[in-house]
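Engineer: here are the coordinates; sequence isn't available:
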Ligand code: DX5
Ligand code: ZN
């Protein structure tokens, strides 16, 4: 499996002190920062947009290589992922991870023209993200089976293949929710089919749940409340890494 990547979710950081929280978390051993972008439509919550991302970017050195330390892993819980690609690139996003559910037509009542204007296929969107110079990720909510992703993961043209798949282990929208072990068979299936794929898990991960996720084959670990709520965040980050590497 690919190397362990620990990506604390800054959704659980002190928003009034975000820049310092980000640089401290990198010093404490984090590889990436997981930046949760919510639009109040795709999920019932709001977080922050490009101006905030651009500000925190000045507190964290840019990664010097793809997947390197300091990568801003932007988890786009937004209804119109195509619309924001350029803005987030300009703000300092390195990996743009959109939701599969937002990139396929779910609005049957709309006219075909309106749809094609707003929506795009996962492959086209991945190509567009790559064209802008970012890594591309594709995420699935708990209700979405993982086999819908095989086509895109196996796209003939590498420019249309994702660099990472995110399997949600909670319903997206809020930090601090209970881990859903019911989602782990998706991770197992992906790992079995794709030994080299970066597989990220997000939601409810911490010392008590990391072993199951690591055993299933996840290598990119998002952790919000378990890192930012800890007395010893560096210790939790190290523990998560050891569980994936063992
Ligand atoms: C939830 C977000 C997560 C969240 C995880 O919608 O995608 O990234 O911050 O928080 P914890 O680790 O507390 O479950
Ligand atoms: Zn997230």
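Structural biologist: Nice, thanks for sending it over. All of these numbers come straight from a predicted model, not from anything done at the bench. Numbers count the residues shown, from 1 in each chain. Ligands and ions are numbered 1, 2, ... in the order given.

Engineer: list the residues that contact the closest residue to residue 177 other than its chain neighbours.
Structural biologist: Distance criterion CB to CB, 6 or more residues apart in numbering; nearest residue to residue 177, sequence neighbours excluded, is residue 170 at 4.1 Å. Glycine gets a C-beta too; all of them are placed from N, C-alpha and C. Going by CB atoms under 8 Å, 6 or more residues apart in numbering, residue 170 touches 142, 177, 178, 179, 180, 202, 203, 204.

Engineer: ok and the residue in this protein nearest ligand 1?
Structural biologist: At 2.9 Å from ligand 1, residue 224 is the closest residue in the chain, using CB to the nearest ligand atom.

Engineer: of the contacts of residue 170, which pair is most distant in space?
Structural biologist: 178 and 202 (13.4 Å; CB to CB).

Engineer: how about residue 177, secondary structure?
Structural biologist: Here residue 177 is recorded as coil under DSSP: H, G, I helix; E, B strand; the rest coil.

Engineer: hmm, it is touching residue 204, no?
Structural biologist: Yes - counting by CB atoms under 8 Å, residue 177 does reach residue 204; the two are 5.8 Å apart.

Engineer: out of the two, which sits in the busier spot?
Structural biologist: Applying other CB atoms under 10 Å to residue 177 and residue 204 shows that residue 204 carries more neighbours, namely 24 against 15.

Engineer: residues near residue 178, how many?
Structural biologist: There are 10 residues near residue 178, going by other CB under 10 Å.

Engineer: how about it, what does it touch?
Structural biologist: Residue 178 neighbours (CB under 8 Å, 6+ apart): 170, 204.

Engineer: please, which helix or strand holds the residue most central in space within the chain?
Structural biologist: What sits nearest the mean C-alpha location of the chain, by CA atoms, centre = their mean, is residue 75, with 4.2 Å. Using DSSP states H and E, residue 75 maps to strand 71-77.

Engineer: around ligand 1, which positions in this protein sit nearby?
Structural biologist: Applying CB under 6 Å from any ligand atom, we find that the chain lies next to ligand 1 at 9, 11-12, 34, 36, 75, 170, 172-177, 202-205, 222-226.

Engineer: what do you get if the cut-off is 5 Å, keeping everything else the same?
Structural biologist: 9, 11, 36, 172-173, 175-176, 202-204, 223-225 (CB under 5 Å from any ligand atom).

Engineer: can you tell me the SS state at residue 200?
Structural biologist: Residue 200 is classified as strand under three-state DSSP.

Engineer: I figured residue 211 hits residue 242, correct?
Structural biologist: No - checked against CB under 8 Å, the pair residue 211 and residue 242 is beyond contact range at 10.3 Å.

Engineer: ok, residue 184 touching residue 211?
Structural biologist: No - Residue 184 is beyond contact range of residue 211, at 11.1 Å (criterion: CB under 8 Å).

Engineer: neighbours of the closest residue to residue 246 other than its chain neighbours, how many?
Structural biologist: Leaving out its chain neighbours, the residue that sits closest to residue 246 by CB to CB, 6+ apart is residue 214, at 7.4 Å. Neighbour count for residue 214, taken as other CB under 10 Å: 23.

Engineer: which residue is the nearest non-sequential neighbour of residue 198?
Structural biologist: That would be residue 164: by CB to CB, 6+ apart, it lies 4.0 Å from residue 198.

Engineer: again, but for residue 148
Structural biologist: Closest to residue 148 by CB to CB, 6+ apart is residue 100, at 6.4 Å.

Engineer: show me the contacts for that neighbour.
Structural biologist: 122, 138, 139, 140, 144, 148, 149.

Engineer: so the third one versus residue 50, what's the distance?
Structural biologist: What that stands for is residue 139. 19 Å (CB to CB, to the nearest Å).

Engineer: what of the second one?
Structural biologist: In this structure, residue 138 and residue 50 are 21 Å apart, going by CB to CB.

Engineer: same deal with the last one?
Structural biologist: The gap separating residue 149 from residue 50 is 27 Å, by CB to CB.

Engineer: noted, bye for now.
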